[in-house]
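Chemist: below is the sequence, then the predicted model.
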Amino acid sequence: MNNQLKQRSHQQPTKIRRASRCGAALAGVLLLTGVAACGDQDSPPQAEAEATVARPKSEIRLSDTAIDMPAQMPGGLVDVQLDASPSTKRSHHLAFFRRNDGVSVKQLEQASDAEFDSLVTYEGGNAQVNAGASQAVTFDLDPGNYTVIDFDEQQNMLIAETTVGAPTEGAAEPTAKGTIKLGPGMKITLPKGFDGSGVWKVVNDDPSMPHEAGVGRLAPNKTSADAVAWAKDFNGPPPLETVGGFGAISPGHQGWVDLGPKQAPGNYLVYCALPGSDGVLHLAMGMATEFPVN
């Protein structure tokens with residue numbers, strides 16, 4: 001894990017082994033979660049009414065000690081419901097990594113930051129889910145062997161494994177209000193009328209690196225420039241807190257997230273807090289787009 005980000009954690013993980021690049025990949029967004037969690041979302045993003053083939057569904061239950069998920073999941077478009085136990089005392093932020101063919105879990109754990117990205121495909125994830133809450137996302141999963149990592153705000157980790165099979169032919173994409181485009185470069189393009197609520201598609205248009213779409217509420221009198229400046233040195237309290245979003249996806253990949261009901265009025269950001277190969281967060285390089293909620 002990048003030393004600068006590692007120093008931001010309050011304690012070392014105690015429940016599971018650490019994978020170096022995995023921790024670095026999510027450390028930035030976890031610094032921004034504060035006490036906010038994604039709103040409860042009782043159902044995954046909805047299919048088009050005329051769809052003839054329903055998307056398969058999968059449920060993942062989260063506790064302080066384990067990721068309770070299927071040993072096998074369908075590939076392609078799949079609705080995933082994440083449910084955090086009411087008794088959990090930690091937040092939950094999942095990341096799905098498809099291991100390249102022939103790559104073992106042990107190889108990921110031993111990989112350096114520079115090596116990690118060459119061993120996996122980033123297939124998506126979720127924003128923070130707290131005790132008793134749920135979140136719904138739709139993945140577009142490539143077949144293969146996966147390592148699924150559950151981070152909390154202190155970078156403690158739980159790890160699970162699953163095998164993803166062939167896609168369900170004819171499954172319809174969720175009906176989305178628009179598309180959030182990540183990249184190319186440190187650019188986020190929001191669709192016209194984006195208001196941070198409802199179902200949105202997320203695509204990575206960057207040809208060379210993974211990106212995520214975090215959604216955060218800016219503190220009063222703070223702007224995107226303040227968030228970018230803070231991400232460079234982490235000096236002072238974060239100027240925003242995460243309220244939702246979709247996890248990191250590799251170039252050319254996509255996903256859907258239900259951001260729930262309309263947020264409270266204020267100024268918000270869609271941002272990417274993944275680190276580059278030098279450990280500098282994409283947010284610190286200006287990867288953030290501000291939008292208002294009236």
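Modeler: That came through fine.

Chemist: C-alpha only now, for contacts and for neighbours.
Modeler: Noted.

Chemist: surely G132 touches K89?
Modeler: No - between G132 and K89 there is no contact under Cα atoms under 8 Å: 10.1 Å.

Chemist: ok now stretch 90-99, how far from the chain's centre?
Modeler: Chain-centre distance of stretch 90-99: 8 Å, with Cα atoms, centre = their mean, to the nearest Å.

Chemist: identify the residues contacting that stretch?
Modeler: Residues from elsewhere that reach stretch 90-99 (Cα atoms under 8 Å, 6 or more residues apart in numbering): 62, 64, 84, 119-131, 142, 144-153, 247-248.

Chemist: repeat that for 6 Å
Modeler: Identification of contacts with stretch 90-99 by Cα atoms under 6 Å, 6 or more residues apart in numbering yields 120-130, 145-152.

Chemist: which ones among those residues lie within strands?
Modeler: Under the assignment DSSP state E, the contacts of stretch 90-99 contribute 120-125, 145-151 to strands.

Chemist: among these, which pair sits farthest apart?
Modeler: N145 and F151 (19.7 Å; Cα to Cα).

Chemist: so what strands line up beside the strand or helix carrying I159?
Modeler: According to DSSP states H and E, I159 maps onto strand 157-167. Next to strand 157-167 in the sheet, as set by DSSP bridges, lie strand 72-84 (parallel), strand 144-151 (antiparallel).

Chemist: export these to CSV and append columns for mean neighbour count.
Modeler: Listed next are the strands paired with strand 157-167 as CSV, based on neighbours: other Cα atoms under 10 Å:
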stretch, mean neighbour count
strand 72-84, 22
strand 144-151, 22
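
Chemist: okay, the ones you listed in JSON lines with mean pLDDT and distance to D258 next?
Modeler: Listed next are the strands paired with strand 157-167 as JSON lines, based on pLDDT from 0 to 100; distance: least, Cα to Cα, whole Å:
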{"stretch": "strand 72-84", "mean pLDDT": "96", "distance to D258": "11"}
{"stretch": "strand 144-151", "mean pLDDT": "95", "distance to D258": "20"}
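
Chemist: P292: which of these is closest?
Modeler: Closest to P292 of these is strand 72-84 (Cα to Cα; 28.0 Å).

Chemist: how about stretch 162-171 as PDB, C-alpha atoms only?
Modeler: Provided in PDB are the C-alpha atoms of stretch 162-171 (Å, rounded to 0.1, in the frame of the first residue of the first chain):
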ATOM      1  CA  THR A 162     -16.400 -16.100  -6.200                       C
ATOM      2  CA  THR A 163     -16.500 -17.500  -9.800                       C
ATOM      3  CA  VAL A 164     -18.500 -15.700 -12.400                       C
ATOM      4  CA  GLY A 165     -20.000 -17.700 -15.200                       C
ATOM      5  CA  ALA A 166     -21.300 -16.900 -18.700                       C
ATOM      6  CA  PRO A 167     -23.600 -13.900 -19.300                       C
ATOM      7  CA  THR A 168     -27.300 -14.200 -19.500                       C
ATOM      8  CA  GLU A 169     -28.200 -13.800 -23.100                       C
ATOM      9  CA  GLY A 170     -30.800 -11.100 -23.900                       C
ATOM     10  CA  ALA A 171     -30.700  -9.500 -20.400                       C
END
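
Chemist: any idea how far V80 is from the closest residue in space to V202 that isn't next to it in sequence?
Modeler: Using Cα to Cα, 6 or more residues apart in numbering and skipping the chain neighbours, the partner closest in space to V202 is I180 (4.8 Å). As judged by Cα to Cα, to the nearest Å, I180 and V80 stand 20 Å apart.

Chemist: just G255 next, same as before
Modeler: Distance, G255 to V80, using Cα to Cα: 11 Å.

Chemist: anything in contact with each of those two?
Modeler: Shared contacts of G255 and V80, counting by Cα under 6 Å, 6+ apart, come down to T138.

Chemist: how many residues are close by A213?
Modeler: By the criterion of other Cα atoms under 10 Å, A213 has 31 neighbours.

Chemist: what does the host helix or strand of it contact?
Modeler: Using DSSP H and E, A213 maps to strand 211-218. With contacts defined as Cα under 6 Å, 6+ apart, strand 211-218 is touched by 239-249, 267-272.

Chemist: swap in 8 Å and give it another go.
Modeler: By Cα under 8 Å, 6+ apart, the list of residues contacting strand 211-218 from outside reads 29, 32, 124, 127, 180, 182-183, 196, 202, 204, 224, 239-250, 266-274.

Chemist: how far is it from where the chain is centred?
Modeler: Its chain's average C-alpha position is 9 Å from that of strand 211-218, according to Cα atoms, centre = their mean.

Chemist: out of the strands paired with strand 157-167, which gets nearest to F234?
Modeler: Closest of the strands paired with strand 157-167 to F234 is strand 144-151, at 19.8 Å (criterion: Cα to Cα).
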